[in-house]
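# using only what follows, build the 3D model:
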Amino acid sequence: MKRNDTAKTYGIIGLGPFGRELLLKLIESGERVIGCDRRQDRIDRVKKLTKTVYVADSYDKSALKEMGYDKCDVVIVCISQSVDISVLTVMTLLNIGVKRVIAKVISTEHSEVLTKLGAETVYPEKDMADRLANKLQMGTGIDYVELGESLNISKIDVPQVFVGKSVVDAAVRARFGVNIIAIENKGAVMDTIKPEYVFRLGDILYLCGSKKAIKSISSWLDKTL
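The predicted structure follows:
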């Protein structure tokens, strides 16, 4: 993998399933990554891909500095089995000068504590459950990402009834309250949508709107399939 010359340096602490996948994805993207875990077997699973992984305690200030975590642009703490160790690790990272710390959490209380310390938090299990629930509610014809009650992004294959019609004739904004923000076809993306554009087979539409609006067009799609 070619190293990205403009890459940031990322630190990952905890190489369980979540941390390991994150480390592998960053390496595949050509980023500089440091990883550590208390367990040698977890280090063994990834050391063929990178030499900058170490066996160490996540809250050992001297060890973290020696490994270079204090020079990282971002450190992600992927420890969730022990809230105490997670909190202690975040505190140690902030104390050695890490500017941005992101931590995996297992509860809202865990998140609140780390947020007050100055870390950002991610809740993978909850986020995945929320996204799956939303996708199930939206039906099979639509991919959906919730950014807020009034701002959501979805992606759909162009409905057959739209093919041959112009954007203005399809009137998705008037009918459903959503805006078309981009159209993709064969890998080419058009992000300036003209009213006279005529939909083609193979078009993928990127829509923006409220949760209610996205659900409205989803329900309509289910009826047309």
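
# okay, strands next: where are they in the chain?
Assigned by DSSP state E, the strands in the chain fall at 9-13, 32-37, 53-55, 74-77, 101-104, 120-122, 143-146, 152-157, 179-185, 188-190, 204-209.

# could you list the domains of the protein?
Using automatic domain parsing, the domains assigned to the chain come out as 9-122, 127-224.

# out of those, which is the most enclosed?
Across the domains of the chain, the average number of neighbours (mean count of other CB atoms under 10 Å) peaks for domain 9-122, which reaches a mean of 18. All C-beta spots, glycine's among them, are computed from the backbone N, C-alpha and C.

# end to end, how far does it reach?
19 Å (CA to CA, to the nearest Å).

# over to stretch 49-59?
Stretch 49-59 has an end-to-end distance of 25 Å (CA to CA).

# repeat that for stretch 53-65.
14 Å.

# how far does it sit from its chain's centre?
Distance of stretch 53-65 from its chain centroid, counting by CA atoms, centre = their mean, to the nearest Å, is 27 Å.

# same thing with stretch 214-223?
On CA atoms, centre = their mean, the centre of stretch 214-223 falls 25 Å from the chain's centre.

# got the CA positions of it in CSV?
Taking Å, rounded to 0.1, in the frame of the first residue of the first chain, the C-alpha atoms of stretch 214-223 are listed here in CSV:
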residue,chain,number,x,y,z
ILE,A,214,-37.7,10.2,3.2
LYS,A,215,-40.3,7.8,4.7
SER,A,216,-42.9,9.2,2.3
ILE,A,217,-40.9,8.5,-0.8
SER,A,218,-39.9,5.1,0.6
SER,A,219,-43.5,4.1,1.1
TRP,A,220,-44.3,5.3,-2.5
LEU,A,221,-41.4,3.3,-3.8
ASP,A,222,-42.6,0.1,-2.1
LYS,A,223,-45.9,0.5,-3.8
